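In: Kindly generate the corresponding structure for this input.
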Amino acid sequence: MVKRILIKLAIWLPVTALIFAAAFIVVMRSTEWMPDEVEYQSVAGMTPDVIQKDTLKIVSWNIGYAGLGSDMDFFYDGGTKTRTSRERTIKNLKDITAFLKQHRDADFILLQEVDFNSKRSYHINEYDSLRAALPEFLGWWGINYQSQYVPIPLSDPIGRVKSGVVILSRHIPVNVLRLQYPSRVSFPQRMFDLKRCLLAASFAIGNDKILYINNTHNSAYDNGGMRAVEFAFLKNYLSDKPLSVTAGDWNSNPPGYKASQRELQDKHFSVISLSSNDFPQGFRVLADTTVKSVRYGYEPYNAQTTTRSAIDFALLGGDVEPVSVETVDLGFENSDHNPVLLTVKLSR
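Out: Numbering: from 1, shown residues only. As a prediction, the model looks like this:
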């Protein structure tokens with residue numbers, strides 16, 4: 001009798017598991033977020049500004065959804081965790097906000113990994129929180145990670161996630177576009193993975209000229225092939241836009257940066273090196289690599305042992321001159337990235 005029961009269990013348990021897995025895939029496929037190649041973000045009812053000044057200040061920062069502070073390791077990077085405590089998330093967001101308020105004289109703030117409704121950040125709408133703290137800024141976003149349920153790791157699944165890139169601006173744009181990068185993983189992984197984008201805002205500067213402010217967050221956990229596709233797309237898009245600033249988290253080293261063997265040989269996160277050939281002719285990179293902008297997440301941050309790299313910087317069109325750049329060393333206390341402060345001058 002016991003033997004028959006065990007045989008039946010041996011047959012039906014795998015069958016039940018397969019049925020459950022198939023049903024899960026069907027449900028997730030039916031709710032999969034599939035963004036359009038081009039999405040217009042609303043500027044309805046607003047009259048575009050004409051930016052008169054030539055020198056502009058920009059802040060760029062991957063805030064790590066206020067969940068990747070110095071206390072965290074992360075399972076994608078070889079750690080074990082998917083989120084920190086709610087109290088630490090709130091503290092991180094408070095400190096991130098305080099830093100941005102200190103630099104509220106910026107014309108533009110470009111943020112990556114801002115959560116709107118995610119389990120990993122306790123369903124805090126971080127965008128609303130930041131906008132409330134910086135009322136003098138208008139805001140637009142481009143979602144790049146949205147899933148009803150990310151089932152990994154099995155021990156503590158990421159669960160629901162909605163996150164993206166944000167542009168906060170003191171100036172009213174002509175338009176704001178979410179441009180889908182042509183890089184996606186295959187089905188069924190794509191249902192649970194990021195769908196990367198470029199958030200592109202255009203601003204009038206007089207004499208029928210347009211300034212483009214672009215926020216990018218490129219692929220990370222690939223062999224470089226997805227990033228190559230994204231950079232080819234970006235090169236083509238920017239080719240006729242000499243009045244442009246593209247900043248963010250490139251997940252790649254800027255041209256001329258000499259990565260260490262530790263940076264290059266990490267088995268979970270691998271940087272790639274960009275060259276001037278990856279950008280349109282006449283464009284130049286504005287980067288401060290004297291301070292590392294990202295730390296690897298295989299362990300809680302340790303200044304002596306944690307691998308760090310430089311992957312956060314800006315790309316300037318030929319009609320934009322570099323004035324200054326600073327990667328601010330915050331010790332990765334509230335994010336796994338350090339913020340970058342940029343000053344540029346327009347050549348009209």
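
In: from here on, contacts and neighbour counts on C-alpha atoms
Out: Will do.

In: give me every residue that touches the spatially closest residue to residue 334 that is not a sequence neighbour.
Out: Distances taken as Cα to Cα, 6 or more residues apart in numbering place residue 69 nearest to residue 334, at 4.0 Å, with adjacent residues excluded. By Cα atoms under 8 Å, 6 or more residues apart in numbering, the residues touching residue 69 are 92, 332, 333, 334, 335, 336.

In: Can you tell me which of the residues you listed comes closest to residue 312?
Out: Checking the contacts of residue 69 against residue 312 with Cα to Cα, the nearest one is residue 336 at 11.6 Å.

In: need the contact list for the closest one.
Out: Residue 336 touches 62, 63, 64, 68, 69, 70, 294, 295, 296, 297, counting by Cα under 8 Å, 6+ apart.

In: and with 7 Å instead?
Out: By Cα atoms under 7 Å, 6 or more residues apart in numbering, the residues touching residue 336 are 64, 68, 69, 294, 295.

In: Can you list which of those are found in helices?
Out: Assigned to helices by DSSP state H, none of those qualify.

In: What is the nearest of those residues to residue 133?
Out: residue 64 (18.4 Å).

In: thought the closest one was touching residue 332?
Out: No - if you go by Cα atoms under 7 Å, residue 64 and residue 332 don't touch, sitting 10.2 Å apart.

In: Relative to the whole chain's centre, how far out is stretch 51-63?
Out: 18 Å (Cα atoms, centre = their mean, to the nearest Å).

In: in that stretch, what's buried?
Out: 51, 56, 57, 58, 59, 60, 61, 62, 63 (16 or more other Cα atoms under 10 Å).

In: after the strand or helix carrying the second one comes which helix or strand?
Out: Secondary-structure assignment from DSSP states H and E places residue 56 in strand 55-62. Going down the chain from strand 55-62, the next helix or strand is helix 86-102, by DSSP H and E.

In: Which of the residues in the next helix or strand along the chain from that next one are classified as buried?
Out: In the C-terminal direction, the helix or strand that comes right after helix 86-102 (DSSP H and E) is strand 108-115. Neighbour counts over strand 108-115 (16+ other Cα under 10 Å) mark 108, 109, 110, 111, 112, 113, 114, 115 as buried.

In: what residues are up against the first one?
Out: With contacts taken as Cα under 7 Å, 6+ apart, residue 108 has the following neighbours: 57, 58, 59, 167, 168, 169, 170.

In: before we move on, back to that, what's the farthest-apart pair in the buried residues of stretch 51-63?
Out: So, the buried residues of stretch 51-63 by Cα to Cα: farthest apart are 51 and 63, at 27.7 Å.

In: Show me the domain layout of the protein.
Out: 1-30, 35-346 (automatic domain parsing).

In: got those as JSON lines, with mean pLDDT columns?
Out: Output for the domains of the chain, formatted as JSON lines (pLDDT from 0 to 100):
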{"stretch": "domain 1-30", "mean pLDDT": "59"}
{"stretch": "domain 35-346", "mean pLDDT": "95"}
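
In: most neighbours per residue, which of these?
Out: domain 35-346 (a mean of 19; mean count of other Cα atoms under 10 Å).

In: Name every strand pairing with the longest strand seen in the chain and say which way it goes.
Out: Taking DSSP state E as the criterion, the chain has its longest strand at strand 138-150. Take DSSP bridges as the rule and strand 138-150 pairs in its sheet with strand 159-169 (antiparallel).

In: got the angle between the following helix or strand past the partner strand and strand 159-169?
Out: Sequence order places strand 175-180 as the next helix or strand after strand 159-169, per DSSP H and E. Here the directions of strand 175-180 and strand 159-169 differ by 140 degrees (axes from the mean of the first three to the mean of the last three Cα atoms, to 10 degrees).

In: Not counting strand 175-180 itself, show me its contacts.
Out: Counting by Cα under 7 Å, 6+ apart, 37-41, 43, 142, 196-202 sit against strand 175-180.

In: Tell me which helix or strand comes right after that strand.
Out: Next along the chain after strand 175-180, taking DSSP H and E as the criterion, comes strand 197-204.

In: so what strands line up beside the following helix or strand past that following strand?
Out: Counting by DSSP H and E, the next helix or strand C-terminal to strand 197-204 is strand 210-217. Strand 210-217 sits in its sheet next to strand 197-204 (antiparallel), strand 244-249 (parallel), going by DSSP bridges.

In: May I have the first one as CSV, with CA atoms only?
Out: Backbone C-alpha positions of strand 197-204 (Å, rounded to 0.1, in the frame of the first residue of the first chain) are rendered in CSV as follows:
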residue,chain,number,x,y,z
CYS,A,197,15.3,52.4,-22.9
LEU,A,198,16.7,55.9,-23.6
LEU,A,199,14.7,58.7,-22.1
ALA,A,200,15.2,61.6,-24.5
ALA,A,201,14.0,65.2,-23.8
SER,A,202,14.3,68.1,-26.3
PHE,A,203,14.5,71.8,-25.3
ALA,A,204,14.3,74.9,-27.4
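
In: that's a helix at residue 325, yeah?
Out: No - using DSSP: H, G, I helix; E, B strand; the rest coil, the assignment for residue 325 is strand, not a helix.

In: Please name the nearest non-neighbouring residue to it.
Out: Nearest one to residue 325, counting by Cα to Cα, 6+ apart, is residue 342 at 4.6 Å.

In: for the helix or strand that contains the one you found, packing partners?
Out: Per DSSP H and E: residue 342 is located in strand 340-346. If you count contacts as 3 or more Cα pairs under 7 Å, 6 or more residues apart in numbering; DSSP states H and E, strand 340-346 packs onto strand 55-62, strand 320-327.
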